[in-house]
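Novice: no FASTA, just this:
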C-alpha cells in the first residue's frame, strides 16, 4: 500500500467512543442542627469555591391559582433588601466577600444560595441566613420586578415559540392545574401582585419546617455546625404541621386535539406535540431517560434524523419529559418552514408511533446509554452542580443512593425496557398538538391529516410573523 493509500485509509477511519471512565458521586454527610434543620455536607477536596443552598420546598406548583407567579416574584425579591440592608448594601456586602448571592424559584422549590471562597464561608452563610429569614420586600423593588414580568409576558405574546408553549400547556392540562400556565404566572395573576401580597405569601410558607441546607466544596478544617448553629440552629419543625396540599396535575384531553394559533404571514410554524407526562419519581425513570434520548434527546435521535437530516424541515427537533414533583409535560417540538408544516407534523407523530412499535437498534441503544453515562460525570466538575444534584434529591424525596445508582441503572436498560417505556408513557390517544403559524396557509393541509379535532385561534395583538 502506498503512502497516499495509507493516508486516505487513515482519514477515512472515524474515531469511536471510548469506554466511560469509572465515577463515584462524592460522599454526602448528613446531619441536623439542634432545632431539627437537616443539613448535607459534600467535601470536595481542591474545590476552594464553596456553594451553599437553603431549600424551601415551596414552588410555583404550590401557589394559589389567583396568585400565579407570586413564588418566582418572591424569590427574585429576596435579594432586593433585608430588614438590615437595602439592595445596594446587600450587594456591597457580598462583593466584599467575593461572594454571589442568589434566590430562585421553580416549579418544585425555592432556593436561597451563596457561592464564596471557603475562607469567607462563615460570613457568607450569615448573609444567606439574613436574606432567607429577614427579607424586606421593598415595595419599589417588588413593583419593578412585577412590571418587568408584565412586560416579559407582553413580549411572549408576540414570540411564536413562547406563545406555542403557553397555548400548549393550556391545551394538555386541566384548567385547575397550575401546570396549565407558565411558572411565572399570567398577566391577570401577576398584575395584582404587590409587596404586601409577596410578603404575605412568603410568610405563609417560609416556616422552614420542611427545609434543608446543602453545602459543597473544600470543607477541610471548617467547623460547619459551629458556624450554622447561631444562624439557623433555632429553626425547628413546627408542631402539628398540616400535610402539604397536593395540586392537581390532571390532563385535560380524552382525545387528540389540534390548535392552530394564527400569525398572518409567518414564514415558519412552531410545533408542539405531547401530553401530560410523568413525575420525577416514576419507577422506570432510567428506561424513560434512555427512551427520551433515542426519541428526541440526541443529535442523532429519531426525530432529528427524520425531520432535519432526512427531510430538511428544521434546524433541530427534540422531545422529552419534564419530570417534576408531579406529572410534568411530555413535549416534542420543532420549528419548520410554513410549507413543511403538515408533512413535518405527520412525520413527527409517525415517529412517536414508531417508538411504540419498533424497539431501538443496538446502535441506538448503545449511543443513548453511552451519552447519558458519559456526560453524567461532566456535570459535577464544580461544587455548584454537585450541590444542585443533591438539592434535587432532597426536593423530590429520592433515595440517598440515587446518584450512585444512576450510571449502572442506565447501563442496564435494555431494548425491551425502552419499548415498554414508550408503550407505557407515550399517549397517542390524548395528544395535544399546537401550531403557531399562518393558519390561512397551513390549516387545510393540517386538517387533512386527520390527527384530531381542529381549532383556529386568532390573536388580535400577536402581530405579523414577518
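Specialist: Perfect, thanks for sending it. The structure displayed is predicted, hence computed values, not measured ones.
Novice: which of the three states applies to the closest residue to residue 379 other than its chain neighbours?
Specialist: Among residues not flanking residue 379 along the chain, residue 385 sits closest, at 5.0 Å (CB to CB, 6 or more residues apart in numbering). Placement of C-beta: from N, CA and C, glycine included. Secondary structure, DSSP: H, G, I helix; E, B strand; the rest coil: residue 385 is helix.
Novice: with residue 390 instead?
Specialist: When the rule is three-state DSSP, residue 390 gets the label helix.
Novice: wait, doesn't it sit right on residue 27?
Specialist: No - contact criterion CB atoms under 8 Å: residue 390 and residue 27 do not qualify, at 11.0 Å.
Novice: list residues touching both of those two?
Specialist: Shared contacts of residue 390 and residue 27, defined by CB atoms under 8 Å, 6 or more residues apart in numbering, are found at residue 42.
Novice: among the two, which residue is more densely surrounded?
Specialist: residue 390 (25 against 10; other CB atoms under 10 Å).
Novice: got the contact list for the residue lying closest to the more buried one once chain neighbours are set aside?
Specialist: With CB to CB, 6+ apart as the measure, residue 214 is the residue that lies nearest to residue 390, at 4.9 Å, once sequence neighbours are left out. Contacts of residue 214 were listed using CB under 8 Å, 6+ apart, and they are 39-40, 42, 52-53, 55, 387, 390-391, 394.
Novice: make a markdown table from the residues you listed and add distance to residue 452 and pLDDT to it.
Specialist: Supplementary listing: those in a markdown table, determined by distance: CB to CB, whole Å; pLDDT from 0 to 100:
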| residue | distance to residue 452 | pLDDT |
| --- | --- | --- |
| 39 | 50 | 96 |
| 40 | 47 | 97 |
| 42 | 48 | 97 |
| 52 | 49 | 98 |
| 53 | 43 | 98 |
| 55 | 41 | 94 |
| 387 | 44 | 97 |
| 390 | 42 | 97 |
| 391 | 39 | 97 |
| 394 | 40 | 95 |
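Novice: my read: residue 191 touches residue 153, true?
Specialist: No - contact between residue 191 and residue 153 fails when scored by CB under 8 Å: they sit 9.4 Å apart.
Novice: ok, and the closest non-adjacent residue to the residue nearest the centre of the chain?
Specialist: In the chain, the C-alpha nearest the mean C-alpha coordinate belongs to residue 322, at 6.4 Å (CA atoms, centre = their mean). In space, not counting the residues next to it along the chain, residue 322 is nearest to residue 328; the distance is 3.8 Å by CB to CB, 6+ apart.
Novice: so what's the one you found up against?
Specialist: Contacts of residue 328 (CB under 8 Å, 6+ apart): 107, 179, 249, 277-279, 321-322.
Novice: same check on residue 112?
Specialist: Contact analysis of residue 112 by CB under 8 Å, 6+ apart lists 53-54, 56, 78, 102-103, 128, 131-132.
Novice: mind running it again at 6 Å?
Specialist: With contact set as CB atoms under 6 Å, 6 or more residues apart in numbering, residue 112 has these partners: 54, 103, 128, 131-132.
Novice: that one bridge partners, please.
Specialist: Beta-bridge pairing of residue 112 under DSSP bridges involves residue 54, residue 103.
Novice: now it: how far from residue 80?
Specialist: As for residue 112, its distance to residue 80 is 13 Å (criterion: CB to CB, to the nearest Å).
Novice: secondary structure class of residue 209, three-state.
Specialist: coil.
Novice: what ranges in the stretch 201-350 of the chain fall below the confidence cut-off?
Specialist: In the predicted model, the stretch 201-350 of the chain carries pLDDT under 70 at residues 206-207, 237-245.
Novice: run the last query once more with 50
Specialist: 239-242 (pLDDT under 50).
Novice: what are the ranges of the helices in it?
Specialist: Counting by DSSP state H, counting those that start in this stretch, residue ranges of the helices within the stretch 201-350 of the chain are 224-232, 285-292, 302-304, 341-357.
Novice: okay, those, which one's buried deepest?
Specialist: Of all those, helix 285-292 has the most neighbours on average by mean count of other CB atoms under 10 Å, namely a mean of 24.
Novice: domains for this protein, by residue range?
Specialist: The chain is divided into the following domains under automatic domain parsing: 29-232, 257-458.
Novice: ok, back up a step: residue 379 is nearest to which of the helices of the stretch 201-350 of the chain?
Specialist: Proximity to residue 379, assessed across the helices of the stretch 201-350 of the chain by CB to CB, is greatest for helix 285-292 (13.7 Å).
Novice: what does the closest one rub up against?
Specialist: The list of residues contacting helix 285-292 from outside it, by CB under 6 Å, 6+ apart, reads 320-321, 368, 409-410, 413, 417-418, 421-422.
Novice: try stretch 120-133
Specialist: Residues from elsewhere that reach stretch 120-133 (CB under 6 Å, 6+ apart): 50, 54, 78, 82, 97, 99, 112, 114, 116, 227, 231-232.
Novice: residue 100 against residue 115, yeah?
Specialist: Yes - using CB atoms under 6 Å, residue 100 is in contact with residue 115, at 5.0 Å.
Novice: higher neighbour count, the two?
Specialist: Counting neighbours by other CB under 10 Å for residue 100 and for residue 115 shows that residue 115 has the greater number, 21 against 15.
Novice: that one and residue 36: what is the separation?
Specialist: The value you get for residue 115 to residue 36, if CB to CB is used, is 26 Å.
Novice: check residue 78 too.
Specialist: In this structure, residue 78 lies at 23 Å from residue 36, with CB to CB as the measure.
Novice: more neighbours, these two?
Specialist: Neighbours per residue, other CB under 10 Å: of residue 78 and residue 36, the larger number sits with residue 78, 25 against 14.
Novice: re the thing from before, who wins for proximity to residue 23 among the domains of the chain?
Specialist: Closest to residue 23 of the domains of the chain is domain 257-458 (CB to CB; 4.1 Å).
Novice: can you get me the start-to-end distance on that closest one?
Specialist: From its first residue to its last, domain 257-458 covers 17 Å (CA to CA, to the nearest Å).
Novice: centre of the chain versus that domain, how much separation?
Specialist: Taking the mean of its C-alpha atoms, domain 257-458 sits 14 Å from the chain's own mean (CA atoms, centre = their mean, to the nearest Å).
Novice: show me where the stretch 151-300 of the chain has strands.
Specialist: Read by DSSP state E, counting those that start in this stretch, the stretch 151-300 of the chain holds these strands, from start to end of the chain: 212-217, 257-262, 268-276.
Novice: tell me what the second one is packed against?
Specialist: So that's strand 257-262. Other helices and strands packing on strand 257-262, by 3 or more CB pairs under 6 Å, 6 or more residues apart in numbering; DSSP states H and E, are helix 160-172, strand 432-437, helix 439-448, strand 453-458.
Novice: how many other residues sit next to residue 449?
Specialist: 15.
Novice: now do the contacts for residue 448.
Specialist: Applying CB under 6 Å, 6+ apart, we find residue 448 in contact with no residue.
Novice: how close does it sit to residue 405?
Specialist: Note on residue 448: its distance to residue 405, by CB to CB, is 48 Å.
Novice: how far away is residue 252 from residue 348?
Specialist: Distance from residue 252 to residue 348, by CB to CB: 21 Å.
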